[in-house]
Structure formats: C-alpha cells, structure tokens
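Peer 1: no sequence on this one, just coordinates:
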C-alpha cells in the first residue's frame, strides 16, 4: 500500500532496449496472441459478468512464468486493489473522525465505497476498467471482529445492514466471483491501522504470533474453499523493518520471511490444494540514513534462495513499485529526520536504470527454466491522476515514470494490480484520493480514470489492452531447490508426517519430482520433474549403508549410499555437512543400471545445458548435478582429512 505522506549503475542502452522491446514470448500452435503491432484500443473492452465468467475456469495454477486457468489457458492477472478491509485509520486522534483516516476516507474496515454505490454498480464499473481480478486486502483484526457495522457504513447496500466486517467481506467475495472476477485474498495488516511505516504492522508476526497468523490464513482459506474463483492467498503486504529489527530471507529466526512463507504456504495448500500462494519480497531493510546499509531487496534474494512448496505449480511472486520510492529510498519526504535518504527515487532514475531496477528486483524471476522461475505479479503500482500542476516537478516526473513503468510491464507481458480501485470525491467533485481509478461522491456519482481530466487514461488503457500471450500454455518442467541450511525442508506431501532419518536434516522433493543435484557444503539440493519416470506403488526406501551397491564399486575407497535397483533418489539426509541417508522411490518400470560418476569435490560439475544451470541455488558451495535425462542413483563421500563426510560424487544413470 502506498504511503499518504509523502545509486544504481546505468544499464547499457542495448540491454535496456532489449528488455523494453522484448517481444511477447512464443506460444504453442493454438496461441491467439495479437500481433505486436496491433493497435491499442482507446478504452478497455467492458465485459459483462456472464462474459467474464465464461472466459475462464478456476482454479488457477502456474506453468513456468505464466498463470493458467483450469483448462491450461493463460490467465493474465489484470487486477486492481479494492482496499478498505485492512483499515483506513491513520493511528492518531478520534477513530470516528473521518479526518483521521487515509485521504479523509473512512472505510469502517470493509471494502471502500459500499456506503456510496450498490455492489452491482461497483461490479459494472470494475468491468469498465477491463480488469479480470481483484486483490482484496484484509486485516487479521477483521477475522476476529464481532462488531456490527453502523447502517451508514453500508448505506448504498442495505442488504448488508446488521453484519460484521467479516460478513461484509464474505458478501463482497461472493459478489465479485459471481460476476466472473478472480479474487486474491491479501493479508495487508494485523490491526486496522493504515499501512505502511512504523505502524505496528511491519511483519506477519507484528502484534500476533506466527502460529496465529497461519491459523487465520487457514480459517479464511477454508471459508472460501468451495468457491474456485477465490484463487489465491497473498500472504503478507510490504514486510519491512520495525523500530529495531530487520526482516530477512533465510536466517531461521523470528524475522525470517522465507521461513514464514514456507510454513504458511504449505499449511494453506494442505487446507486447499487449489490456492495460488503469492509471496511478496522484503519491502525494506536497514536504517534509512546514509551511514547505515539500507534498501528495498524485494525479490532479489529469491535468485539464490527460492521457495519450494508441496505443489510447484502454485507459487507466484509479487513486488510493488511506486514512483516516490526507490531501490534504496524509503519514499519519505522531509529530510533524514523523517526517514528520507539522498538515494534516487524510481522517478529519478533514467530509463536505462529503471529497466534495470525492475528487472533486478522483480522480473528476473520470470526467466524460464531456473530454480526460481515463477510468475511475477506487480501487485501494487499507481499514481495520482488529476494533479496537472506543470510547476510541480514531482507531477511531471510521475507522468514520465508511469509511462515508462507501464511500458516495461507491457513489453514484459507482466501481471499487474493497480492501487487503489475505489476512492471518494468530496462535495465539490474533487477526489479525496487522487490515486483511485474510480471515485464516488456521496450520491454515488462516479468519476472514472476514463472521464476527462485524468492524464493516466492513456497509460492505463495501453496497459490493460496490451497484446499478451494467450491461449493454451504448454506444461513445463520444474527445477526446485531444497534448503537444508538450518533444518529439514520437506516438500513431499507423502512424507509430511514422517521423520525418515531421525536426528538428521532432511531434504525431500515434491512428490512429482526427484533429486537431481546436491551441494557439497551447505547441503542444498535441486529437484526436477524433467523426464520424470512414473513412480511405482511400492514403499520408499531409506538407505543408510552400502547394502545396495551390487553392480561394482563405482567409487573405490569412498563410502557410498546407493538406491536399490529400479528406484531413484527423491530426498537425502545430512548430519552437519556429512551424508547420512538417501530416500529412494520405486519406478513403475525398470531403470538402466549403467551410469557415470559426477565428481564435485574440487569444483562445480553441472551440465552445460538444461535446467537451472544459469542460476546459483547454493552460493559458495561446490555443486554436483545430473543431466535432465538422468536419475540420481547414489552419492559417494569420505571421511578423509578435510572431507568430513561431505558428498564428493553423484552416481547419475540414464533414464532410458
């Protein structure tokens, strides 16, 4: 969510042009992608609820960098944020005074605008924007709030009188999905206080425990489980530093966002396997003063430590970009006393540097065939649209920024969600929140981005009507990493309740994948389903000794863990850096028993081509990796001096 108070290296011009001018990726023969030179419509095509409903089928999942519907067809998230249920109170003064709420708009902790316009009109106005999906923020407080709303809060929707905020949220979800919209639930805040600085809502466990946060998610997911147009769980909004602690990605402590997302994502998938799990990166780390390290990592850490869930086809990453923030700028104004730094804001960047920043902080995740590959949803961006003061340098910069930023989204065929959809206009017709695409006055009269005087219309229409990949998306191979840095990483639904190597750290691949690579010192691993052999119905075997080394000594003088014939490794256990066990699953048929040794005791030994070879899933560690046409049948190690039982070689055998 944007706040209401309001030094990167230049990218070579050739690369900037390549990223800005990238053509829409190729598709299968049935693709219906418009030509890149197709004209952009002046206004979006407004579908009826019946037309939007007929255009896609839930649930949603992912194929590589794309979100797809139940039929395997591209479902590009063209979204907006319907804010309000996360709260609008700014934290000081009388909570019942509208002047103490964001942009002088009081939501009563329900989606904004229900006091001014009937839901049927709101639905029609959403359709007129050309969107197909809604990010629907909520506060954890809403789930537990039994307060009956005042009638004035739902004056334009009398059917909602006498309801609690959660019951109104239910009704909004039902209305949206009945009209064909995909709904993504977004845990925005813990309390009803408006986001986003030092407001007590900095982390998922601010003001509540991680277990409480996860339990709230499971409660809400179960509540909408039968509605397959409720498609996703956006786990937490803009995680950032509080007064004294930074969030981190992979440190295994109470501030570890990576760990929290893994936990919540898998718990949600256990409750509802159909949900997309949406993970936003770290929004801010560090003290925002020049003498301290500080910045906005967003998705950058994913490049070396990505998430592997029980279902590799359910993960979506997200990121936020606003003109007044920056790669190292908080977005604050008023000097260092208010948290402002001297770093450039996104609107201050050259086009080359903006392209580089958006790529490096987010869109790199869409690179195909890597351990981190996933769709990236730019789930918040926006600008104020009716401030036309030519003397205001920030307004001029915002116009240039929005054009350039939406050009980047268009050229990269990126999924997006604008912030916010709905605001109020005052009694003079002026928007209280100039950022909203639709504003309603007290009588329900609408002022839209498409109405005269809003300079954003050109950029919005360009974005929502842009040529995009569409039609069937071919199934893709996956490469997913296992992280044993601090403990178990069990991505197998079958093995969730089983401690198959007691006392050791264990990595277990998703049930649709096999182990294909292991790192030598931090014991991370890589899983894949490329050319995956069908699994048999027999038991899985835990190997802790050499009893299955029955076809010759393939690593003389080394200890060996080897899967039984016609089985392949799907997991491994370590103690410290030493190999402790292999977990082997049976193949449905026979597997070749010839093989080759992949030694990696003195350096990386990875294929020259194939899956996830252009990314580092174990920085600082030597990595051994079988090819995509092989299965991992064994691991060799030794207790010789300076080896310590760490893996030295893999036995890789052909799949056919």
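Peer 2: That came through, no problem. If you're wondering where the values come from, they're calculated on a predicted model, not measured in any experiment. Numbering: from 1, shown residues only.

Peer 1: From now on I want contacts and neighbour counts done on CA atoms only, so please keep to that.
Peer 2: Will do.

Peer 1: next SSE after the host helix or strand of residue 186?
Peer 2: Here residue 186, judged by DSSP states H and E, is contained in strand 182-189. Downstream of strand 182-189, the next assigned helix or strand under DSSP H and E is helix 210-223.

Peer 1: what's in contact with that next one?
Peer 2: 140, 143, 204-205, 233, 260, 263-264, 267-268, 271-272 (Cα atoms under 8 Å, 6 or more residues apart in numbering).

Peer 1: Contacts only, for the nearest residue to residue 314 once chain neighbours are set aside.
Peer 2: Leaving aside its sequence neighbours, residue 314 sits nearest to residue 276 (Cα to Cα, 6 or more residues apart in numbering; 4.7 Å). Counting by Cα under 8 Å, 6+ apart, residue 276 makes contact with 60-61, 231-233, 314-316.

Peer 1: one more time with 10 Å
Peer 2: Applying Cα atoms under 10 Å, 6 or more residues apart in numbering to residue 276 gives the contacts 59-62, 67, 184, 230-234, 265, 268-269, 311, 313-316.

Peer 1: And residue 274, by the same measure?
Peer 2: Contacts of residue 274 (Cα under 10 Å, 6+ apart): 58-61, 70, 225, 228, 230-232, 268, 311, 313-314.

Peer 1: Mark which of the contacts of helix 210-223 are part of helices, please.
Peer 2: Mapping the contacts of helix 210-223 onto helices (DSSP state H) picks out 140, 143, 260, 263-264, 267-268, 271.

Peer 1: Helix or strand for the residue most central in space within the chain, just tell me which one.
Peer 2: Centroid-nearest residue in the chain: residue 317, 1.9 Å away (criterion: Cα atoms, centre = their mean). Here residue 317 sits within strand 315-320, counting by DSSP H and E.

Peer 1: average pLDDT across that strand?
Peer 2: The average of the pLDDT scores along strand 315-320 is 98.

Peer 1: Please apply the same query to stretch 234-247.
Peer 2: 96.

Peer 1: most neighbours, which of the ones in helices among the contacts of helix 210-223?
Peer 2: When neighbours are counted by other Cα atoms under 10 Å, residue 268 leads the ones in helices among the contacts of helix 210-223 with 25 neighbours.

Peer 1: any idea how far that residue lies from residue 310?
Peer 2: Separation of residue 268 from residue 310 (Cα to Cα, to the nearest Å): 10 Å.

Peer 1: What residues of the longest helix seen in the chain count as buried?
Peer 2: Looking across the chain with DSSP H, the single longest helix is helix 393-411. Neighbour-count burial for helix 393-411 flags 395, 397-399, 401-411 (criterion: 16 or more other Cα atoms under 10 Å).

Peer 1: residues in contact with the residue nearest to residue 335 when sequence neighbours are not counted?
Peer 2: Distances taken as Cα to Cα, 6+ apart place residue 341 nearest to residue 335, at 7.0 Å, with adjacent residues excluded. By Cα under 10 Å, 6+ apart, the contact set of residue 341 is 287-290, 294, 328-335.

Peer 1: of all those, which comes closest to residue 585?
Peer 2: Of all the contacts of residue 341, residue 585 sits closest to residue 294, with 45.7 Å by Cα to Cα.

Peer 1: Just to check, the closest one is in contact with residue 282?
Peer 2: No - using Cα atoms under 10 Å, residue 294 is not in contact with residue 282; the gap is 11.9 Å.

Peer 1: Spell out which residues are contacts of both of the two.
Peer 2: In contact with both residue 294 and residue 282: residue 246, using Cα under 10 Å, 6+ apart.

Peer 1: So which of these two has more stuff around it?
Peer 2: residue 282 (26 against 19).

Peer 1: which two from the contacts of residue 341 end up farthest apart in space?
Peer 2: Between all members of the contacts of residue 341, the longest pairwise span (Cα to Cα) is found for 294 and 334 and amounts to 18.0 Å.

Peer 1: residues of stretch 523-532 that come out buried?
Peer 2: Result for stretch 523-532 [16+ other Cα under 10 Å]: buried residues 523-530, 532.

Peer 1: Likewise for stretch 332-350?
Peer 2: Here stretch 332-350 shows 332, 339-341, 343-349 as buried, counting by 16+ other Cα under 10 Å.

Peer 1: And for stretch 138-154?
Peer 2: So for stretch 138-154, counting by 16+ other Cα under 10 Å, buried means 138-143, 149, 153-154.

Peer 1: what's the distance between residue 656 and residue 609?
Peer 2: Residue 656 is 19 Å from residue 609, where distance means Cα to Cα.

Peer 1: for residue 334, same thing?
Peer 2: Distance, residue 334 to residue 609, by Cα to Cα: 51 Å.

Peer 1: Next: residue 489.
Peer 2: Distance of residue 489 to residue 609, given as Cα to Cα: 27 Å.

Peer 1: the more surrounded of the two?
Peer 2: residue 489 (22 against 10).

Peer 1: Return the backbone torsion pair for the more buried one.
Peer 2: Here is the backbone geometry of residue 489 (degrees, to the nearest 10): phi -130, psi 90.

Peer 1: Now it. Nearest residue, chain neighbours left out?
Peer 2: Nearest non-adjacent residue to residue 489 (Cα to Cα, 6+ apart): residue 507, at 4.8 Å.

Peer 1: Would you confirm that that neighbour contacts residue 519?
Peer 2: No - using Cα under 10 Å, residue 507 is not in contact with residue 519, being 11.9 Å away.

Peer 1: what touches both of those two?
Peer 2: Counting by Cα under 10 Å, 6+ apart, the residues touching both residue 507 and residue 519 are 525-526.

Peer 1: Comparing these two, which residue is more hemmed in?
Peer 2: Between residue 507 and residue 519, residue 507 has the larger neighbour count (other Cα under 10 Å), namely 29 against 25.

Peer 1: Looks to me like residue 373 is in a helix.
Peer 2: No - counting by DSSP: H, G, I helix; E, B strand; the rest coil, residue 373 is not part of a helix but coil.

Peer 1: Near it, how many other residues are there?
Peer 2: 26.

Peer 1: Can you name the residues that contact it?
Peer 2: Contacts of residue 373 (Cα under 10 Å, 6+ apart): 63-66, 302-303, 306, 315-317, 364-367, 478-480, 612.

Peer 1: Residue 68 contacts residue 473, doesn't it?
Peer 2: Yes - counting by Cα under 10 Å, residue 68 touches residue 473, with 7.3 Å between them.

Peer 1: Name the residues contacting each of the two.
Peer 2: By Cα under 10 Å, 6+ apart, the residues touching both residue 68 and residue 473 are 62, 74-75.

Peer 1: out of those, which is most surrounded?
Peer 2: Result: residue 75 is most packed of these (other Cα under 10 Å), 27 neighbours.

Peer 1: right, and it touches residue 65 too?
Peer 2: No - taking contacts as Cα under 10 Å, residue 75 lies outside contact range of residue 65: 11.4 Å.

Peer 1: what about residue 347, distance to residue 334?
Peer 2: 17 Å.

Peer 1: Am I right that residue 174 sits in a helix?
Peer 2: Yes - assessed with three-state DSSP, residue 174 lies in a helix.

Peer 1: Is it in contact with residue 226, as I believe?
Peer 2: No - using Cα under 10 Å, residue 174 is not in contact with residue 226; the gap is 11.2 Å.
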